[in-house]
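**Student:** Give me a model of this one.
(one chain, ligands or ions: 1)
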Amino acid sequence: MKIFDEIESEVQSYARSFPRVFNRAKGEYLYDEEGNEYLDFLAGAGTLNYGHNNPVFKEKLLEYINNDGITHGLDLHTLAKGEFLEALNEKIFKPRGLDYVVQFTGPTGTNAVEAALKLARNITGRENIISFTNGFHGVSLGALAATGNSHHRGAAGVSLSGVSRMPYDGYLGEDIDTTAYLEKVLTDSSSGIDLPAAVIVETVQGEGGINAASVSWLKNLQEICIRHKILLIVDDIQAGCGRTGAYFSFEEAGLTPDIVTMSKSLGGYGLPFAVVLIKPELDQWKPGEHNGTFRGNNFAFVTAKAAIDTYWSDDTFAKEVLKKGEYISKRLQSIVDRYGNGNFSTRGRGMFQGINCVNGELAAEITRKAFKKNLVIETSGADDQVVKFLCPLVISQENLTKGIDIVEAAIAEVCSVSSPIPEERDFFETQSMAS
Ligand SMILES: *Cc1c(COP(=O)(O)O)cnc(C)c1O
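**Tutor:** Purely as a prediction, here's the structure:
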């Protein structure tokens, strides 16, 4: 369609990688105008963990709309909001022993991050925030200051202040625990790093290249925060809602963050929704201090509740994600071993994984070839050097295998090695994983 060239802004990005007009989507599939079918391993950059147009959520949403349920509610108490909060409290917080109050912000991740940073600064009376190399927290000014990527930072047009950057886990090589450096600068009065209000961290860096922090690094980080009375903010916007194999990405490390930001797959259906979870004693907001016209997107409350009820009433789904995650690990490792020439490596955990191709051009070539084979898959990282596997968590085992096969074939072509010899299928692939 010509209209996109005529009047849509140059700011487009994903549309450049996948230049088709899409008109339908279902589960792990996207369809274009010409009826072509694509497997979706981008999944709304982590927003579609439960697939496109999840049939259970769709039915609830249609019923709600048919009954003239509230659509827009500011922060009024609505039945839909109340039922979402009950589900969150009963099925997510209580079984995990977590005690949080919920702040509804404008329905984007970056707005939740803005609120979290504001709150931390107001509570502590300190301005500085520690964020990490390759961290991504959104592109509004406060969140952008905490974001590492120079392409995004460069668009700010003003100085991005109030944040000190520290090396993330693995930044200085596998054997260096970078939390030791953080501890050192916090205890040295001449380090030049002001005592921060908070540390903001992703347990797995999504946009920054699928860098997964180790459990021990995360535990050390929390200990340092406690010791120095610094608030710990976990940005679980992309890693949360099951992506790593637990509802929250910090469960494996046993963290209890002071503040958690959530968005992306929280609404479940791809509807805009964001919240900040706050330890009750830290909920020092005054009425209306932070607001947002669309903080009461009731459609998202309906589908978010449906997502919790459907997938998080017990641990069946989490186990299934972990199992698929193991399969992905195994496949990606074998691809790296076979075609990586000693340069490629795997990264990530759960169903949040990638292949580091070191070179951005090479990674782009791989994803372009994959798209020709009807797979939508993107790259991330400082130089877009990581091929990022972010398929819906509910994907069938058959399609998971198929998608990875496509990437393998694309890599085989790009790395000009002969096509892969089909390996014997292992037990992961023969077991039914339908959800
Ligand atoms: C996507 C993302 C954000 C920003 O969310 P938007 O809805 O794009 O504003 C913030 N933090 C992380 C970790 C993200 O992945």
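
**Student:** what residues does the stretch 101-250 of the chain put near the ligand?
**Tutor:** Contacts of the stretch 101-250 of the chain with the ligand, taken as C-beta under 6 Å from any ligand atom, map to 108-110, 113, 136-138, 202, 206-207, 235, 237-238. C-beta coordinates here come from the backbone N, C-alpha and C atoms, glycine included.

**Student:** Those residues: which two are farthest apart?
**Tutor:** Within those, Thr108 and Glu202 form the most distant pair, 16.4 Å apart (C-beta to C-beta).

**Student:** that older thread, can you flag which of the residues of the stretch 101-250 of the chain next to the ligand belong to helices?
**Tutor:** The helices, defined by DSSP state H, take in Gly109, Thr110, Val113 from those.

**Student:** residue contacts, the nearest residue to the second one once chain neighbours are set aside?
**Tutor:** So that's Thr110. Nearest residue to Thr110 in three dimensions, chain neighbours excluded: Gly138, at 2.6 Å (C-beta to C-beta, 6 or more residues apart in numbering). By C-beta atoms under 8 Å, 6 or more residues apart in numbering, Gly138 lies in contact with Thr108, Gly109, Thr110, Asn111, Val113, Glu114, Leu144, Thr147.

**Student:** Then Ile366 would be within a strand, right?
**Tutor:** No. Ile366 is assigned helix when assessed by DSSP: H, G, I helix; E, B strand; the rest coil, not a strand.

**Student:** I figured it hits Val387, correct?
**Tutor:** Yes. Taking C-beta atoms under 8 Å as the definition, Ile366 is a contact partner of Val387 at 5.7 Å.

**Student:** what's the overlap in contacts for the two?
**Tutor:** Taking C-beta under 8 Å, 6+ apart as the criterion, Ile366 and Val387 both touch Cys357, Val407.

**Student:** And the residue in the stretch 301-435 of the chain that the ligand sits nearest to, how far from Pro167?
**Tutor:** Closest approach between the stretch 301-435 of the chain and the ligand, counting by C-beta to the nearest ligand atom: Ser380, at 9.7 Å. Distance, Ser380 to Pro167, by C-beta to C-beta, to the nearest Å: 19 Å.

**Student:** Of those two, give the one with the bigger neighbour count.
**Tutor:** Ser380 (24 against 15; other C-beta atoms under 10 Å).

**Student:** For the more buried one, list the residues it contacts.
**Tutor:** By C-beta under 8 Å, 6+ apart, the contact list for Ser380 reads Gly206, Glu207, Gly208, Gly209, Ile210, Gly354, Val386, Lys388.

**Student:** Just the element for the closest residue to Gly268 other than its chain neighbours, please.
**Tutor:** Closest residue in space to Gly268, ignoring its immediate chain neighbours: Ala307 at 3.3 Å, by C-beta to C-beta, 6+ apart. Using DSSP states H and E, Ala307 falls within helix 298-311.

**Student:** Output the below-cut-off pLDDT ranges for the protein.
**Tutor:** Scanning the chain with the threshold set as pLDDT under 70 gives 417-435.

**Student:** Sounds good, over and out.
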